[in-house]
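J.: with the input below, show me the fold.
(2 chains, ligands or ions: 2)
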Amino acid sequence: MADQILQVEHLEKYYQKRHVLYDINFSVAKGEVVTLLGPSGSGKSTLIRCLNGLEPYQKGTITFEGQQVDPTEKNWQQIRQKIGMVFQSYDLFPNLTVIDNIMLGPTKVQKQSADATRAEAIQLLQRVGLEDYADAYPRMLSGGQKQRIAIVRALALHPDFMLFDEVTASLDPEMVRGVLNIIKDLAETDNMTMIVVTHEMNFAQEIADRVLFLENGKILEQTPSKQFFAKPQTDRAQEFLDSMDF
Amino acid sequence: MDHSGISVLFEGTNFTRLLGGLWVTVKIAGIALILGLILGIVLGVLRTFRNRLLRLILRLYLEFFRIVPTVVLLFLFYYILPKQLNFNLPADQIATLVFALWVGAEMSDIVRGALISVPKHQRESGLAIGLNRHQLYRYVLIPQAITLEIPATINLATRVIKTTSLLMLISVMDVINIGQQIIEANNHTHPTGVFWVYGLIFLFYFLIDYPLSWWAKRLEKRRLERTNG
Ligand SMILES: Nc1ncnc2c1ncn2[C@@H]1O[C@H](COP(=O)(O)OP(=O)(O)O)[C@@H](O)[C@H]1O
Ligand SMILES: [Mg+2]
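T.: Ligands and ions are numbered 1, 2, ... in the order given. Predicted coordinates:
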């Protein structure tokens, strides 16, 4: 399909001798929201880290925007500008102010002008309700605020594709909704293509177009979201949903 | 003639000579620290790269300067190497060179330690926004490593300043060497001069080193408070 942004074919991943991903095949269409669900240790983080080259893989291919990725560090460095990633641990750079965290990528990597970048960074901060914190250092912020800024930092590079790895898992419960709403707004307003790993089943149900269910390094099923949450195809996925009691 | 010992310090040009010696000491330590710091940052960064051979060579360099006593290094560079390799530098430049190489070695270990203790997530977040290796070190890892390494660096500086007391062994006219000359010249007239001259030198060293180690302690305390709070 022409509108596919990402295709993964026969991907296999080992940590030294240990086989952690088995024959992974899936694709993501432009504008699609895929949630990656599965028990802890099933390989969700490993898989999405492979997708922007933070983890090497041993077999298979990744095709991004129609180009098969030749997995050298230099190529990945180019591709990462198109793929935003936000992690569970909110890792703003503590040595930089909020605005400098956001501007680092656009100005240094993409060589954009500082003025234009700053104006846009402020706009993005307004969008997440944190424009008053532009000159604050990350240590002065709450976890939820840091995570919202980490999302802004990724968006400032104008990515075509976003990866979210359990971005609310380390947050206080009252902070979670604010962060999830931003992701949801991104999906709905911007039509952003994304893969979301989450333990928030209600949220997954709200935003997902499709669910990939991963267990022990294998994709057990890929099911449209409505159908998955009503009645998944595999018993394992049903057990997983039951265990999440939401 | 009966002089009280302390007057030896202020007779003739003695006091200005001692200050001049102190300046030589401070200059050698200061230049060596600056050069060594730059060298140490470069070597410390290189020691975090994957290349095995490079890491081994730099490791040997560190161990050499760490194991061989500074006196021996000074003799080696002042008496032995010039004859073998046929180069000649004045004693104070030799001393600066030896101290800079020593600081560079120690600094490389401090920098490497600080760099590898920057959390892995920081490196990955940097890569995720498309930074290349050079940019990652420059904007993310090195600035964070520097805040971790400042106390250790200041402690190294105090050690370097203390160790400059060895400079007289290769006849640099540092504060101790000049003090020694003054003592010898005034031995008959001021038998207790040795006490006053060394007393003053002690005070000089204390006035330089004590604030430094106080500063290092304070920075370390602040850093711990910050990471815990
Ligand atoms: N850096 C690593 N080295 C070795 N094994 C790892 C590493 N990271 C993850 N693993 C292992 O790979 C498997 C998948 O882990 P992960 O991708 O983190 O799963 P998930 O994100 O679904 O919890 C787990 O068994 C985990 O222990
Ligand atoms: Mg994970």
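J.: quick one: terminal-to-terminal distance for stretch B:123-137?
T.: End-to-end distance for stretch B:123-137, by C-alpha to C-alpha, to the nearest Å: 9 Å.
J.: give the buried residues for it.
T.: Within stretch B:123-137, the residues that count as buried by 16 or more other C-beta atoms under 10 Å in any protein chain shown are B:123-132, B:135-137. Any C-beta I mention is one placed from the backbone N, CA and C, and that applies to glycine too.
J.: what's the farthest-apart pair in those?
T.: Farthest apart among the buried residues of stretch B:123-137 by C-beta to C-beta are B:128 and B:137. That separation is 15.8 Å.
J.: residue 99 is in what secondary structure piece?
T.: Assuming you mean chain A. helix A:98-104 (DSSP states H and E).
J.: chain B, not that one
T.: helix B:91-116.
J.: so what does that helix touch, helix or strand wise?
T.: helix B:14-46, helix B:52-67, helix B:70-75, helix B:142-163 (3 or more C-beta pairs under 8 Å, 6 or more residues apart in numbering or on different chains; DSSP states H and E).
J.: is the last one positioned near chain A?
T.: Yes - part of helix B:142-163 sits near chain A under the criterion C-beta under 8 Å from any C-beta of the partner chain, namely B:143-144, B:147.
J.: so which residues on chain A come close to ligand 1?
T.: A:15, A:18, A:20, A:38, A:40-46 (C-beta under 6 Å from any ligand atom).
J.: show the pLDDT at the residue of chain B found nearest ligand 1.
T.: Ranked by C-beta to the nearest ligand atom, the top residue of chain B for proximity to ligand 1 is residue B:120, at 9.4 Å. Here, the pLDDT recorded for residue B:120 equals 92.
J.: next, count neighbours for it.
T.: 10 (other C-beta atoms under 10 Å in any protein chain shown).
J.: what's the spacing between residue A:8 and residue B:53?
T.: 37 Å (C-beta to C-beta, to the nearest Å).
J.: before we move on, what about residue B:151?
T.: 32 Å.
J.: ok now stretch A:186-195, how far from the chain's centre?
T.: Put simply, stretch A:186-195 sits 11 Å off its chain's centre (C-alpha atoms, centre = their mean, to the nearest Å).
J.: who's in contact with the residue positioned nearest the centre of chain A?
T.: Nearest to the mean C-alpha position of chain A, counting by C-alpha atoms, centre = their mean, stands residue A:163 at 1.5 Å. Residues in contact with residue A:163 (C-beta atoms under 8 Å, 6 or more residues apart in numbering or on different chains) are A:48, A:51-52, A:83-86, A:194-195.
J.: switch those residues over to TSV; also include neighbour count and secondary structure.
T.: What follows is those, written out as TSV (neighbours: other C-beta atoms under 10 Å in any protein chain shown; DSSP: H, G, I helix; E, B strand; the rest coil):
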residue	neighbour count	secondary structure
A:48	22	helix
A:51	22	helix
A:52	24	coil
A:83	26	strand
A:84	28	strand
A:85	25	strand
A:86	25	strand
A:194	22	strand
A:195	24	strand
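J.: ramachandran coordinates for the residue lying closest to residue A:31 once chain neighbours are set aside?
T.: Take residue A:31 and drop its neighbours on the chain: the residue closest to it by C-beta to C-beta, 6 or more residues apart in numbering or on different chains is residue A:191, 4.7 Å away. With angles defined as degrees, to the nearest 10, residue A:191 sits at phi 60, psi 30.
J.: still on that earlier bit, excluding its own residues, what touches the helix holding residue A:99? List them.
T.: With C-beta under 8 Å, 6+ apart, helix A:98-104 has contacts from A:92-93, A:96, A:114, A:117-118, A:121-122, A:124-125, A:130, A:133-138, A:141, A:149, A:152-153, A:156, B:129, B:131, B:139.
J.: quick one: buried ones out of those residues?
T.: Looks like the contacts of helix A:98-104 have A:92-93, A:96, A:117-118, A:121, A:124-125, A:130, A:133-134, A:137-138, A:141, A:149, A:152-153, A:156, B:129, B:131, B:139 buried, using 16+ other C-beta under 10 Å.
J.: next one: phi and psi at residue A:41?
T.: phi 90, psi 0.
J.: show me what from chain A comes close to chain B.
T.: A:52-54, A:73, A:77-78, A:80-81, A:84-85, A:87, A:89, A:91-96, A:104-105, A:108-110, A:139, A:150, A:153-154, A:157.
J.: out of those, list just those in strands.
T.: A:84-85 (DSSP state E).
J.: hang on, residue B:121 in a strand?
T.: No - going by DSSP: H, G, I helix; E, B strand; the rest coil, the assignment for residue B:121 is helix, not a strand.
J.: residues contacting it?
T.: Neighbour list for residue B:121: A:87, A:89, A:91 [criterion: C-beta under 8 Å, 6+ apart].
J.: for chain B, name the helix or strand with the lowest mean pLDDT.
T.: helix B:81-85 (a mean of 81; mean pLDDT, DSSP states H and E).
J.: ok, residues contacting that one?
T.: B:87-89.
J.: go again using 7 Å as the cut-off
T.: Helix B:81-85 is contacted from outside by residue B:88, using C-beta atoms under 7 Å, 6 or more residues apart in numbering or on different chains.
J.: quick one: list the elements packing against the longest helix anywhere in chain B.
T.: Secondary structure of chain B read by DSSP state H shows that its longest helix is helix B:193-228. Counting contacts by 3 or more C-beta pairs under 7 Å, 6 or more residues apart in numbering or on different chains; DSSP states H and E, helix B:193-228 packs against helix B:142-163, helix B:175-185.
J.: nearest to residue A:217, out of those helices?
T.: helix B:142-163 (33.9 Å).
J.: can you give me the buried ones in the closest one?
T.: Quick answer for helix B:142-163 (16+ other C-beta under 10 Å): B:142, B:144-145, B:148-158, B:160-161, B:163.
J.: do the same with stretch A:66-73
T.: residue A:69.
J.: list the contacts for the residue nearest the centre of chain B?
T.: Closest residue to the average C-alpha location of chain B: residue B:160 at 3.2 Å, with C-alpha atoms, centre = their mean. Taking C-beta under 7 Å, 6+ apart, we find residue B:160 in contact with B:29, B:32-33, B:99, B:103.
J.: ditto for residue B:27
T.: Counted by C-beta under 7 Å, 6+ apart, residue B:27 has zero contacts.
J.: where does pLDDT dip in chain B?
T.: Counting by pLDDT under 70, chain B shows low-confidence ranges at B:1-3, B:227-229.
J.: for chain A, longest helix please?
T.: Chain A, longest helix under DSSP H: helix A:173-189.
J.: buried set for it?
T.: Neighbour count says helix A:173-189 has A:175-176, A:178-180, A:182-184, A:186-187 buried, by 16+ other C-beta under 10 Å.
J.: cool, stretch B:26-33 as well?
T.: B:26, B:28-29, B:31-33.
J.: before we move on, what about stretch B:162-172?
T.: With burial defined by 16+ other C-beta under 10 Å, the residues of stretch B:162-172 counted as buried are B:163-164, B:166-170, B:172.
J.: export the residues you listed to TSV and append columns for secondary structure.
T.: Below are these laid out as TSV (three-state DSSP):
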residue	secondary structure
B:163	helix
B:164	helix
B:166	helix
B:167	helix
B:168	helix
B:169	helix
B:170	helix
B:172	coil
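J.: same list, those residues, but as CSV with distance to ligand 1 please.
T.: CSV is the format used below for the buried residues of stretch B:162-172 (distance: C-beta to the nearest ligand atom, whole Å):
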residue, distance to ligand 1
B:163, 43
B:164, 47
B:166, 48
B:167, 50
B:168, 55
B:169, 52
B:170, 52
B:172, 53
